[in-house]
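1. This is the structure alone, sequence omitted:
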């Protein structure tokens with residue numbers, strides 16, 4: 001996909017395509033298809049779109065429900081989306097035999113009653129038009145929030161049966177599709193095809209605003225929210241909003257205090273596995289990210305990106321109050337609290353509040369008596385690094401003071417002898 005030619009994908013264009021296909025429930029020559037498989041139709045009848053299997057991509061939403069992804073010039077995939085119609089997946093689309101009138105959904109995801117196909121069914125909420133009643137019924141669930149299919153293991157509910165079937169593989173651990181290059185397993189073939197782009201470098205999704213490209217539609221859709229400012233996921237406890245479901249789930253652990261991932265070396269716990277993996281590099285000393293300018297290495301890619309701004313002089317964060325600019329986000333956030341007076345970190349012992357977590361940790365040592373900083377000269381310990389620094393300066397002065405007069409006398413003696 002060439003962004004420069006103005007072909008950047010629009011989210012709605014990618015995710016909301018409709019196919020006008022006709023189903024044949026009677027023809028015995030048509031092979032049966034299991035639930036969840038892709039339906040492939042060769043275009044010989046001009047009334048039918050050419051539907052092919054390659055290349056397609058199917059992503060899974062936060063609820064595990066399948067969404068239509070890939071867009072090509074003259075091909076597209078028949079997949080199953082709540083906002084679109086869904087054919088009877090127990091039978092194959094036909095183009096060789098005489099087509100029946102049509103099928104409409106009764107009351108479930110498994111069948112549609114036979115009837116005349118007319119694209120004249122409108123959604124009362126948004127006005128979207130559908131050809132079959134079963135497709136309209138599933139679309140309406142987007143507005144009503146109805147999720148009639150529930151997981152018998154964990155109770156999670158879904159708007160489509162296909163979403164439930166995909167979700168069940170989480171519990172069974174079934175991963176029948178393996179990458180031939182690295183051996184990684186996947187529960188769905190489409191996820192494997194998306195993964196293969198890691199090896200091929202293919203990035204078919206292009207942002208029409210900034211030109212950035214992505215290999216997965218889910219990442220593309222999340223990126224678009226940077227430009228739109230959309231944050232659809234809201235914390236019910238504090239009201240904070242997020243662009244991704246994963247961001248909200250991670251945030252919720254702040255309120256619950258859940259930290260399921262523990263370091264086997266020091267016992268420190270983390271709410272995310274990614275944070276634990278980064279922390280482990282403290283013990284292993286691993287610093288896989290190196291600066292190509294000065295050679296300095298970092299354990300985390302974000303730290304390298306921030307460091308690179310020293311060389312480039314880039315300061316992308318600007319204070320809207322005073323205009324001061326910053327190269328790193330953490331420094332920018334701390335600065336903003338000067339203007340707002342915000343002190344979000346309270347001491348649980350005395351209630352004193354701090355704008356910076358580092359200052360709170362230093363303060364807590366007053367209550368705990370912890371003194372982690374030790375002077376190698378005299379052995380005295382300090383609760384703060386500044387205390388250790390002051391002690392080292394005292395030792396330095398004591399070391400230099402008796403030597404200064406001697407040095408001066410020796411220099412004068414040498415001058416007189418000359």
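-> Looks like it arrived, so ask away. Please read these numbers as outputs of a predicted model, since none were measured by experiment.
2. Please make it C-alpha for all contacts and neighbour counts, starting now.
-> Fine.
3. From residue 250, how far off is the closest residue to residue 260 other than its chain neighbours?
-> Nearest in space to residue 260, with sequence neighbours left out and distances taken as Cα to Cα, 6 or more residues apart in numbering, is residue 271 at 5.9 Å. Going from residue 271 to residue 250 by Cα to Cα, to the nearest Å gives 7 Å.
4. Which one of those two is surrounded by more residues?
-> residue 271 (19 against 13; other Cα atoms under 10 Å).
5. Quick check: phi and psi on that one?
-> The phi/psi pair for residue 271 (degrees, to the nearest 10) reads phi -80, psi -20.
6. check contacts around it.
-> Listed by Cα atoms under 8 Å, 6 or more residues apart in numbering, the contact set of residue 271 reads 250, 253, 258-261.
7. Now which of these would you call buried?
-> residue 261 (16 or more other Cα atoms under 10 Å).
8. Is it possible to get JSON lines of the contacts of residue 271 that adds pLDDT?
-> Compiled in JSON lines, the contacts of residue 271 are given as follows (pLDDT from 0 to 100):
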{"residue": "250", "pLDDT": "86"}
{"residue": "253", "pLDDT": "86"}
{"residue": "258", "pLDDT": "88"}
{"residue": "259", "pLDDT": "88"}
{"residue": "260", "pLDDT": "88"}
{"residue": "261", "pLDDT": "88"}
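9. Check which residues of stretch 391-399 are buried.
-> Buried, per 16+ other Cα under 10 Å, within stretch 391-399: 391-392.
10. ugh, wrong one, I meant stretch 195-205
-> Within stretch 195-205, the residues scored as buried using 16+ other Cα under 10 Å are 195-196, 203-205.
11. Check residue 47 and give its pLDDT.
-> Per-residue pLDDT puts residue 47 at 37.
12. Residue 134 too?
-> 88.
13. Counting neighbours, what do you get for it?
-> When counting by other Cα under 10 Å, one arrives at 25 neighbours for residue 134.
14. Give the residue spans of the stretch 201-350 of the chain that score low on pLDDT.
-> For the stretch 201-350 of the chain, applying pLDDT under 70 flags no range at all.
15. Please tell me how far residue 160 sits from residue 307.
-> 47 Å.
16. Settle it for me: which of these two has more neighbours?
-> Between residue 160 and residue 307, residue 160 has the larger neighbour count (other Cα under 10 Å), namely 24 against 18.
17. got the contact list for residue 297?
-> 287-291, 304.
18. Helices of the stretch 151-300 of the chain, start to end?
-> Counting by DSSP state H, counting those that start in this stretch, residue ranges of the helices within the stretch 151-300 of the chain are 161-172, 189-200, 217-228, 245-256, 273-284.
19. how about the nearest residue to residue 171, chain neighbours excluded?
-> Using Cα to Cα, 6+ apart and skipping the chain neighbours, the partner closest in space to residue 171 is residue 153 (7.7 Å).
20. hang on, residue 281 packs against residue 299?
-> Yes - with contacts counted by Cα atoms under 8 Å, residue 281 reaches residue 299, the gap being 6.4 Å.
21. hang on, the earlier thing: quick check: strands, which of the contacts of residue 297 are part of them?
-> In this view, those that belong to strands under DSSP state E are 289-290.
22. Fine by me, we can end here.
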